[in-house]
Structures are given as structure tokens and as C-alpha cells.
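Trainee: build me a structure from this.
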Amino acid sequence: MTNERLRDALLRNGLDLDQVAKVTTVDPKTVERWITKGRLPYPRHRRAIAAMVRESENYLWPDAIAPERKAEIAESEVVKVYPHRHSVPADLWEHLLNGAEQHIEMLNYSGMFLTDNPNLIKKLRAKAEAGVKIRLLLGDPASRAVTRRSDEEGIGKGTLAAKVRNAHAFYKPLSEVPNVAIRAHGTTLYNSIYRFDDDMLVNTHVYGIMAAHAPLLHLRRLAGGDLFETYSESSDAVWNIAKPLKW
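Mentor: Below you'll find the model as predicted:
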């Protein structure tokens, strides 16, 4: 079976068979078999390739690592657990945003707490102009999911939809900026996900509790880890069914 994830990762990074062969000290035909035949490289080769394409081993070869080992690595992926999102230091958000060099991704309904930063739009624009790929997934204010979540938080059925519309207006200046993509979704939001390269903040959602008072996980991606990838794949799944905003 063809390893499409490996093929795609190499193409995205402009890498050919000879370059991978040189780094892994194998024959280019061996590299080709890793791709076209789905052959499993040795662990040292997997680590080298994962570093080259800035992807995790678990993403490139999901079946290569034993479940027991994945569980151990997952514990190390958790940098810190915060009992409430509002207890996360403001300088952590700032540090992760400033340090992002490749990816900034946000999945939420409105994320209005982020708009308290008056320089956020300017910083996101500067990051995009520097080549950082930015992906913003905001809620669809007309969706049932937004109305239901607003009611479940006890803030009134229309309150969250109004916040979502405000978020749309806030991010509109970025709508024509290269490297910035913005879509709206109407999915049930089990977690709000904020990714900054290999760091991720996952704001869990709890029935009857406002997001600011729900727990938050700080994750850091590890080569053989499964936890970071799980949330990343969930974000990708929402992105694939979301629709571009109609400004």
C-alpha cells in the first residue's frame, strides 16, 4: 500500500528520493519502496525522515509504534494541565504566537478572549507575510451547534452567535492576506484547539460550564506521540467540511 502521508510530506518540503537517501544512508530505491510499497523503515530512518519533514513518526507511520509505547509517549506530550482556561498565563499565549514559524491554527466558535490583544491582527498579518501558514476556523453563527452551545453555557440562545459575528468582523482584515485561510463551521465543538507549530493548547468543553472556566491542556508534539496527532486530525476533519466565510 502506498504511503501517501510520506509522499505528501516529501513533496510539501521539496524533497526528492536522492535527498532522503543521502540523509538516511540508504539506496534511493529503498526510499521509493518506503513510499510506493508502504515498507516500514528502521526506527533510526523514521526519526531522520520525521525530522526532515517536521512531522511526527506516528503521523507518517501510524502502525509502527506499539500501543504501550504510544501511551508512555502521550504522558510526555502533556506539558501542563490548567484547571481553567482563564488561569493560563497571558504571556504563554504571547510566547507561542511569537515563536510560531510554520503553522498557526485555531479551531473555536468565537475565541473572543483573544481579541483582547489589540495587536493580534497586526501580529497575525506579520506572521503570514513571513511565510507562516495561518488557518482560522470560526463558528457559523446560524448553525444549530452554536445556538445549542450558547444555551448549554447558560448565556442565552443568541448570545454566542452574536460573539461569533463579532469574531468574523474582527478577523475580516485578514481575509485577503496571503497565507491566511478562514472558514466557518457548524460542528459540535468538543474542544477548542490552538496550534502554534509543535505546541498546542486544547480548551476542553464541559456541559454547563463556560469555556473560560473549563480545563485546558498544553501539549507538545513528540516524534512517536499519538495525543497531539489526535487533536490535529480532528481539526483537519473540521477544516475539510467547513466553508469559506462570505464577507
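
Trainee: for the rest of this, base every contact and every neighbour count on C-alpha atoms.
Mentor: Will do.

Trainee: what is the burial count for residue 163?
Mentor: By the criterion of other CA atoms under 10 Å, residue 163 has 17 neighbours.

Trainee: which residues touch it?
Mentor: Applying CA atoms under 8 Å, 6 or more residues apart in numbering to residue 163 gives the contacts 110, 112.

Trainee: and if you look at the one 4 residues further on?
Mentor: Contact analysis of residue 167 by CA under 8 Å, 6+ apart lists 110-112, 115, 138.

Trainee: where's it, which helix or strand?
Mentor: Under the criterion of DSSP states H and E, residue 167 resides in helix 159-171.

Trainee: for that helix, C-alpha coordinates in CSV please.
Mentor: The C-alpha trace of helix 159-171 is given here as CSV (Å, rounded to 0.1, in the frame of the first residue of the first chain):
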residue,chain,number,x,y,z
THR,A,159,-25.5,35.3,22.8
LEU,A,160,-22.8,33.1,21.4
ALA,A,161,-24.0,33.7,17.8
ALA,A,162,-23.5,37.5,18.4
LYS,A,163,-20.0,36.8,19.7
VAL,A,164,-19.2,34.7,16.6
ARG,A,165,-20.4,37.6,14.3
ASN,A,166,-18.1,39.9,16.3
ALA,A,167,-15.2,37.5,15.7
HIS,A,168,-15.9,37.4,12.0
ALA,A,169,-15.7,41.2,11.9
PHE,A,170,-12.5,41.2,14.0
TYR,A,171,-10.7,38.8,11.6
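
Trainee: without its sequence neighbours, what residue ends up closest to the residue of the chain positioned farthest from its centre?
Mentor: Relative to the mean C-alpha coordinate of the chain, counting by CA atoms, centre = their mean, the farthest residue is residue 27 (34.2 Å). Distance criterion CA to CA, 6 or more residues apart in numbering; nearest residue to residue 27, sequence neighbours excluded, is residue 21 at 5.7 Å.

Trainee: quick one: the one you found from residue 2, how far?
Mentor: 18 Å (CA to CA, to the nearest Å).

Trainee: and these two? which has more neighbours close in?
Mentor: residue 21 (18 against 14).

Trainee: wait, that one touches residue 31, no?
Mentor: Yes. Contact criterion CA atoms under 8 Å: residue 21 and residue 31 qualify, at 6.3 Å.

Trainee: what sits against the closest residue to residue 110 other than its chain neighbours?
Mentor: In space, and not counting its chain neighbours, residue 110 is closest to residue 164: 4.6 Å by CA to CA, 6+ apart. Residues near residue 164 by CA under 8 Å, 6+ apart: 109-110, 138-141.

Trainee: tell me the confidence at residue 164?
Mentor: For residue 164, the model assigns a pLDDT of 96.

Trainee: surely residue 243 and residue 187 touch.
Mentor: No. Applying CA under 8 Å, one finds residue 243 not in contact with residue 187, separated by 11.5 Å.

Trainee: what's the helix or strand harbouring residue 49 in contact with?
Mentor: Assessed by DSSP H and E, residue 49 sits inside helix 43-53. With CA under 8 Å, 6+ apart as the test, helix 43-53 has contacts from 9-10, 13, 20, 23-24, 56-57, 60, 223.

Trainee: mark which of the residues you listed are buried, thanks.
Mentor: 9-10, 20, 24, 56-57, 60, 223 (16 or more other CA atoms under 10 Å).
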